[in-house]
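Student: Need a 3D model of the following:
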Amino acid sequence: MNSFIKTLIFLMLLSLTIFSISLSMKKGKSISTNYKSEKIKKKESFRDFLFSEKIIIFQELEENWCRKFNCNSG
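Tutor: Numbering: from 1, shown residues only. Presented below is the predicted three-dimensional model:
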């Protein structure tokens, strides 16, 4: 009886996996394409984060420079 339940659970998980793969294929994207697009989105968001941090750092440097040398910035 115990092996029957294990086999039943295994078959249910297998059918669920096959169903999810077929569902993603119906959308026109394979699993690897979804993974690659998520990876690209993460890279782009990280790049945007770094770019915004660079802008903040440069603004702080400019403010410190102006404070140190008493420059008038418009």
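Student: going forward, measure contacts between C-alpha atoms and count neighbours the same way
Tutor: Will do.
Student: Where does pLDDT dip in this protein?
Tutor: 1, 24-36, 72-74 (pLDDT under 70).
Student: ok, 80 please
Tutor: Counting by pLDDT under 80, the chain has low-confidence residues at 1-2, 18, 20-59, 62-63, 65-74.
Student: Show me where it has its helices.
Tutor: Along the chain, the stretches classed as helices by DSSP state H are 2-26, 31-69.
Student: Let me have those in JSON lines, extended by mean neighbour count.
Tutor: Formatted as JSON lines, these follow (neighbours: other CA atoms under 10 Å):
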{"stretch": "helix 2-26", "mean neighbour count": "12"}
{"stretch": "helix 31-69", "mean neighbour count": "12"}
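Student: Could you report the separation of Phe10 from Leu16?
Tutor: 10 Å (CA to CA, to the nearest Å).
Student: Same check on Asn64?
Tutor: Taking CA to CA, one finds Asn64 at 59 Å from Leu16.
Student: what does Lys68 give?
Tutor: Distance, Lys68 to Leu16, using CA to CA: 65 Å.
Student: and if you look at Phe58?
Tutor: Separation of Phe58 from Leu16 (CA to CA): 52 Å.
Student: distance between the ends of stretch 21-37?
Tutor: End-to-end span of stretch 21-37 (CA to CA): 17 Å.
Student: Next, name the residue at the spatial heart of the protein.
Tutor: Residue closest to the average C-alpha location in the chain (CA atoms, centre = their mean): Lys42, at 3.5 Å.
Student: Could you measure from it over to Ile9?
Tutor: According to CA to CA, Lys42 and Ile9 sit 35 Å apart.
Student: for Ile18, same thing?
Tutor: Counting by CA to CA - Ile18 and Ile9 are separated by 14 Å.
Student: now swap in Ile57 and tell me
Tutor: Distance of Ile57 to Ile9, computed by CA to CA: 55 Å.
Student: go on, Trp65?
Tutor: To Ile9, Trp65 is 67 Å away according to CA to CA.
Student: repeat for Ile55
Tutor: Distance, Ile55 to Ile9, using CA to CA: 54 Å.
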